[in-house]
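In: Here is my input; please provide its structure:
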Amino acid sequence: MTSVFRDVFNTSVEFVRTFGAFQLFSLRVLRYSPGVLLSRFDLVVKQVFNTGALSLVIIMVCGLFVGGVLGLQGYSNLARFNAEDSIGVFAAFGLIKELGPVITALLFAGRAGTALASEIGLMKATDQLSAMEMMAVNPVPRVLVPRFLGGIIAMPLLVAVFSMIGLFGTHLVAVELLSVDVGAFWQQIQITVDMDDIKEGIFKSLVFGVAASMIAVWEGYNAVPTAEGVGRATTRTVVITAIAVLVFDFMITAVML
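Out: Numbering: from 1, shown residues only. Sure thing, here's the model as predicted:
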């Protein structure tokens with residue numbers, strides 16, 4: 001019994017220590033972010049391409065099929081109430097406010113987040129970060145901050161693409177396959193969805209972008225400099241980001257309601 005309490009105590013202490021170190025690390029990254037955004041914008045644009053443009057294929061494919069599933073499920077359920085014409089609103093609310101930001105963030109963690117963590121972890125394992133420090137080059141603004149900012153900028157853009165492709169997928173299924181009236185489909189979306197709904201989706205995408213990017217660079221920077229350590233850091237990036245995204249999604253939704 002004593003060993004159990006000791007293990008619980010040691011785990012709690014380690015969690016508090018790690019969480020405090022993460023907060024200090026986040027403050028360091030945020031402190032350098034404005035300067036890097038203004039002085040090294042070319043590096044930020046390169047990371048936007050690496051994290052955003054290279055993720056477009058998986059985002060568009062998943063968005064198309066998620067929208068198609070929403071079309072099938074929405075038609076199946078709304079037909080019971082003779083409300084098939086409202087399927088566009090059903091899909092729009094689901095994509096803009098919930099599925100778009102959440103699924104995009106999870107896909108971002110699986111594709112771009114793991115790439116960031118493994119890239120930084122390999123730089124640490126091959127002593128590239130140590131070489132920068134020996135040459136009086138701070139690796140935080142040179143390596144970490146551009147990748148962090150690139151993820152933040154890319155996330156809302158990817159969410160917008162996911163939501164638009166998702167609505168297109170719903171249109172294909174509902175209008176072309178199930179013969180829902182195309183005028184009613186798009187008109188009800190235009191009438192019902194307002195700017196507050198879009199702002200909620202944008203705010204969630206920004207929060208998820210900050211969380212996913214910060215976790216990725218943190219795990220990569222603090223990875224054990226071995227092949228096994230980099231692999232574990234990559235795995236932790238996906239797991240922790242997924243948990244953080246779902247927790248933040250619940251908190252933001254509860255506050256906005």
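In: Could you pull out the helices in this structure for me?
Out: 2-39, 41-51, 56-78, 87-93, 100-108, 114-125, 128-134, 139, 145-171, 182-192, 195-221, 227-256 (DSSP state H).
In: Next, the contact list for the residue most central in space within the chain, please.
Out: Nearest to the geometric centre of the chain sits residue 105, at 2.4 Å (C-alpha atoms, centre = their mean). By C-beta atoms under 8 Å, 6 or more residues apart in numbering, the contact list for residue 105 reads 155, 205, 208-209, 211-212, 241, 245. (Each C-beta comes from the backbone N, C-alpha and C, glycine too.)
In: one step back: let's have the helices of the chain in JSON lines, adding mean pLDDT.
Out: Shown next, in JSON lines, are the helices of the chain (pLDDT from 0 to 100):
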{"stretch": "helix 2-39", "mean pLDDT": "86"}
{"stretch": "helix 41-51", "mean pLDDT": "91"}
{"stretch": "helix 56-78", "mean pLDDT": "92"}
{"stretch": "helix 87-93", "mean pLDDT": "91"}
{"stretch": "helix 100-108", "mean pLDDT": "95"}
{"stretch": "helix 114-125", "mean pLDDT": "91"}
{"stretch": "helix 128-134", "mean pLDDT": "87"}
{"stretch": "helix 139", "mean pLDDT": "89"}
{"stretch": "helix 145-171", "mean pLDDT": "95"}
{"stretch": "helix 182-192", "mean pLDDT": "89"}
{"stretch": "helix 195-221", "mean pLDDT": "94"}
{"stretch": "helix 227-256", "mean pLDDT": "93"}
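In: Please verify my assumption that residue 59 contacts residue 155.
Out: No. Under the criterion of C-beta atoms under 8 Å, residue 59 is not in contact with residue 155, lying 10.5 Å apart.
In: what is in contact with those two at once?
Out: The contact lists of residue 59 and residue 155 share residue 104, where a contact means C-beta under 8 Å, 6+ apart.
In: of the two, who's got more company?
Out: residue 155 (28 against 24; other C-beta atoms under 10 Å).
In: returning to that earlier point: okay, the residue nearest to the centre of the chain and residue 131: tell me how far apart.
Out: With the distance defined as C-beta to C-beta, to the nearest Å, residue 105 ends up 33 Å from residue 131.
In: Neighbours of the nearest residue to the residue nearest to the centre of the chain once chain neighbours are set aside, how many?
Out: Leaving out its chain neighbours, the residue that sits closest to residue 105 by C-beta to C-beta, 6 or more residues apart in numbering is residue 208, at 3.9 Å. Around residue 208 there are 28 other residues, counting by other C-beta under 10 Å.
In: any idea how far residue 208 is from residue 85?
Out: Residue 208 is 32 Å from residue 85, by C-beta to C-beta.
In: Return the residues in contact with residue 235.
Out: By C-beta under 8 Å, 6+ apart, residue 235 has no neighbours at all.
In: Phi first, then psi, for residue 223.
Out: phi -70, psi 150 (degrees, to the nearest 10).
In: Mind pulling up the pLDDT for it?
Out: If you check residue 223, the pLDDT there is 90.
In: my guess is it contacts residue 230, does it?
Out: Yes. If you go by C-beta under 8 Å, residue 223 and residue 230 touch, sitting 5.2 Å apart.
In: any shared contact partners between these two?
Out: Joint contacts of residue 223 and residue 230 (C-beta under 8 Å, 6+ apart) are 117, 121, 125.
In: Next, count neighbours for the first one.
Out: Residues near residue 117, counting by other C-beta under 10 Å, number 31.
In: returning to what we had before: can I get the shared contacts of residue 223 and residue 230 in a markdown table including distance to residue 55?
Out: A markdown table is the format used below for these (distance: C-beta to C-beta, whole Å):
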| residue | distance to residue 55 |
| --- | --- |
| 117 | 15 |
| 121 | 20 |
| 125 | 25 |
